[in-house]
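[1] A structural model of the following input is requested.
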Amino acid sequence: MNKGLKYAVALSCGLLAVSANAAPVEKAHKPFMDADHVIYMPMRGGVVPKAGALLVNHGGPVLTSAKVVFIFWGPNFNNAASPDFAYAQTLQAFRNQFGTTPEFNVITQYSGIQQASLGSGTADLFDTSTPPTNVTDAIVQSKVASYLSTHAYNSSTIYEVVIPSTSYSSSGTSTSCGGPSLAYCAYHGHFTNGGSDVKYSIEPYPSCGGCQVSGWTAAQNQEHFVCHETREAVTDPDLNAWFDRSGNEADDKCAWSPTPFVGTGGYSYQYEWSNTAKACVKTQ
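    Presented below is the predicted three-dimensional model:
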C-alpha cells in the first residue's frame, strides 16, 4: 500500500461493514493506504473512528482563507424543470453562507484558518454533458483539470465535483451509493496539474440508506457531506496537516456520531472535533 494516501471521507452506508471479507471502512493516513492522494468518509453504520485523541499538526499547509467551486456534472442540474436544479441551487446557497457560520468557526483554532466567503472564487460550472455511470477518481481529476483549462487556478480553492443519481463514484474497488462495492459517501484529495497542487472532492448523490439521515431531503444529506469534505480539505488539504495519532481527520472523528444536525440557516451539518473542547461540538 502506498504511503501517501490518507483516507477519503466515506460516510458509512451500513451494509459495507457487514461482509466478513470487506476491508474496514475507515480512513487512514497511515495504516489503510491504497492511493497517494485521497481520503474517504465512512458510510453510516460502518467503522467510525473514536474521537478521543487530539488532532496534531504534522506540518503540512492548511487553507487559511478557503474557497469552494462546484462543478455540477449532468444535464438536469441546469434544467429548471428537474429536481436536480433545486438540489444544485440549494448546495450553492449552503456554500455561500457556510464559511462565515459558527459551524465553520470551529476549525479556526487550527493553524490560523479564518472564516471566509467560500463562494468568492471563480464561477461554478454547470456541465450539461452526461457523466458515465462509473465516475472513477481519474475521471474526477480529469474533469477538474478541464475546468482549470478555462478558469484561473487558485491554491486556496477546493474544486468539488457533484454527480447525479444516475452515476456513482469509484476509487479502486470501493464505490459510493449506486455502485457494486459500497464503502463511502464522498471523499477529498489532491493531485498535481500543470505544476499546481489541486484540491478536490467528489460529491456523489446520496441515494442509499448508508448515506442518508432519516427524514432528510437529498439536498440536506448532501449539505452534510459538503460540510464534512470541505472542512477536512481546509484543515488537511495535502493529507499531511491536522489529524490524530490514528490518522483521523477533524470531521472523521465525529462522523455520524453524534448524529448530524440542522443548524445555521436551516442547512445540515455534522459535529466537528474541537481540540479546545476535547470533544465533538456543533459550533464555536
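
[2] Confirm for me that residue 236 is in contact with residue 242.
    Yes. In this structure, residue 236 is within contact of residue 242 by Cβ atoms under 8 Å, at 5.3 Å. Any C-beta I mention is one placed from the backbone N, CA and C, and that applies to glycine too.

[3] what do the two both touch?
    By Cβ atoms under 8 Å, 6 or more residues apart in numbering, residue 236 and residue 242 have these common neighbours: 62, 249-250.

[4] between the residues you listed, which has the most around it?
    residue 249 (30 neighbours; other Cβ atoms under 10 Å).

[5] Looks like it contacts residue 236 (just checking).
    Yes. The criterion here is Cβ under 8 Å, and residue 249 meets it with residue 236 at 5.0 Å.

[6] for the protein, which helix is longest?
    helix 218-235 (DSSP state H).

[7] what's the next helix or strand after it packed up against?
    Note on helix 218-235: by DSSP states H and E, the next helix or strand toward the C-terminus is strand 242-243. Applying 3 or more Cβ pairs under 8 Å, 6 or more residues apart in numbering; DSSP states H and E, we find strand 242-243 packed against strand 56-57.

[8] ok so residue 170 is a strand residue?
    Yes. Under DSSP: H, G, I helix; E, B strand; the rest coil, residue 170 sits within a strand.

[9] Relative to residue 137, how far out is it?
    Distance, residue 170 to residue 137, by Cβ to Cβ, to the nearest Å: 7 Å.

[10] neighbour count winner among the two?
    Legend: neighbour count by other Cβ under 10 Å for residue 170 and residue 137, higher for residue 170 (25 against 20).

[11] Run a quick check on that one versus residue 134, I expect a contact.
    Yes. Assessed by Cβ under 8 Å, residue 170 is found in contact with residue 134 at 5.4 Å.

[12] Name the residues contacting each of the two.
    Residues touching both residue 170 and residue 134 (Cβ under 8 Å, 6+ apart): residue 179.

[13] Would you state the strands of the stretch 1-150 of the chain in chain order?
    8-9, 38-42, 56-57, 67-73, 125-127, 134-136 (DSSP state E, counting those that start in this stretch).

[14] Export these as JSON lines, with columns for mean pLDDT and mean neighbour count.
    JSON lines is the format used below for these (pLDDT from 0 to 100; neighbours: other Cβ atoms under 10 Å):
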{"stretch": "strand 8-9", "mean pLDDT": "42", "mean neighbour count": "30"}
{"stretch": "strand 38-42", "mean pLDDT": "74", "mean neighbour count": "31"}
{"stretch": "strand 56-57", "mean pLDDT": "97", "mean neighbour count": "13"}
{"stretch": "strand 67-73", "mean pLDDT": "99", "mean neighbour count": "24"}
{"stretch": "strand 125-127", "mean pLDDT": "98", "mean neighbour count": "19"}
{"stretch": "strand 134-136", "mean pLDDT": "98", "mean neighbour count": "17"}
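
[15] what's across from the closest residue to residue 55 other than its chain neighbours in the sheet?
    The shortest distance from residue 55 to any non-neighbouring residue, by Cβ to Cβ, 6 or more residues apart in numbering, is to residue 242 (4.7 Å). Beta bridges link residue 242 to residue 57, judged by DSSP bridges.

[16] Verify the contact between residue 242 and residue 54 for me.
    No. Contact status for residue 242 versus residue 54: not in contact, 9.9 Å apart, counting by Cβ under 8 Å.

[17] what sits against the residue nearest the centre of the chain?
    Closest to where the C-alpha atoms of the chain average out (Cα atoms, centre = their mean) is residue 229, at 2.4 Å. Shown in contact with residue 229 (Cβ under 8 Å, 6+ apart): 9, 41, 158, 160, 186-188, 201, 203, 251.

[18] pull the CA atoms of the longest strand along the chain into CSV?
    Across the chain, the longest stretch assigned as strand under DSSP state E is strand 184-193. The C-alpha trace of strand 184-193 is given here as CSV (Å, rounded to 0.1, in the frame of the first residue of the first chain):
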residue,chain,number,x,y,z
TYR,A,184,-18.1,5.6,1.2
CYS,A,185,-20.3,8.6,0.7
ALA,A,186,-17.8,11.2,-0.5
TYR,A,187,-14.0,11.9,-0.4
HIS,A,188,-11.5,14.6,-0.8
GLY,A,189,-7.9,14.6,-2.1
HIS,A,190,-5.3,16.5,-4.2
PHE,A,191,-3.4,16.0,-7.4
THR,A,192,-0.8,17.9,-9.4
ASN,A,193,-1.9,19.6,-12.6
